[in-house]
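> Need the 3D shape of this:
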Amino acid sequence: MERFAGFLWDLYAYLAGLPFLVFAGVWIAVYGWKRDKRQATLRSVDITMFFLFGAAAGLLDQLFGFSYGSVWLLILLFLLAFGLIGNAQQRIKGKLDLLKAWKLVWRVGFLVFSAAYVLLMLIGIIVYAVR
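As a prediction, this is how the structure comes out:
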C-alpha cells in the first residue's frame with residue numbers, strides 16, 4: 001500500500017509540474033468522448049486547477065522557503081473568496097447556492113493560478129540563472 005501511495009504522490013508531482021499538458025490531455029479526451037467544446041473546456045479547467053494548486057504551492061515553497069505553509073495560505077485564500085462570493089450571492093439573490101459559489105471560486109482560481117504559475121516559473125528561472 002505504501003508503494004501505491006508513493007506512486008500516486010509521484011504521479012501528482014509530475015502532472016503538477018506540467019499542468020498545461022494535463023489541460024490539453026483532458027480537453028482532447030473529453031472532446032473526443034462528448035463532442036462538446038464547452039463541456040471539454042469546463043472539465044479541463046476543473047481538473048487542471050487541482051494540479052495548478054499544487055504547482056503554485058510548490059513553487060511558492062521553493063522560491064520563498066515557506067516549508068509547506070503556502071498550501072495553508074492558498075486554502076485560506078480560497079475560503080475567503082468562497083465566503084465573499086457566498087455573501088454577495090446572499091445579498092443579491094437572497095439565497096445561497098453553495099455549488100455555484102464553489103464553481104465560481106474554482107474557475108476564477110484557475111485563471112489566477114495559471115497566471116501565478118507562469119509568473120512563479122519565470123521568477124524561478126531567473127533566480128536559477130542568476131545563482
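> When you work out contacts or count neighbours from here on, use the C-alpha atoms and nothing else.
Noted.
> number of nearby residues for Leu11?
12 (other Cα atoms under 10 Å).
> Can you pull out the residues in contact with the helix or strand containing it?
Per DSSP states H and E, Leu11 falls inside helix 2-17. Here helix 2-17 makes contact (Cα atoms under 8 Å, 6 or more residues apart in numbering) with Val22, Phe51, Leu52, Gly54, Ala55.
> Of the residues you listed, select the buried ones using a PyMOL command.
A single PyMOL command selects the buried members of the contacts of helix 2-17 (16 or more other Cα atoms under 10 Å):
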select buried, resi 22+51+52+54+55
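> Just the CA atoms of the helix holding Leu11, as CSV, please.
Output of helix 2-17 as CSV, limited to C-alpha atoms (Å, rounded to 0.1, in the frame of the first residue of the first chain):
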residue,chain,number,x,y,z
GLU,A,2,2.9,2.3,0.7
ARG,A,3,4.3,1.8,-2.8
PHE,A,4,0.9,2.7,-4.3
ALA,A,5,0.7,5.9,-2.2
GLY,A,6,4.2,6.8,-3.3
PHE,A,7,3.3,6.1,-6.9
LEU,A,8,0.2,8.4,-6.6
TRP,A,9,2.3,11.1,-5.0
ASP,A,10,4.9,10.9,-7.7
LEU,A,11,2.3,10.9,-10.4
TYR,A,12,0.7,14.0,-8.9
ALA,A,13,4.1,15.7,-8.7
TYR,A,14,4.8,15.1,-12.4
LEU,A,15,1.4,16.2,-13.5
ALA,A,16,1.5,19.3,-11.4
GLY,A,17,4.8,20.2,-13.0
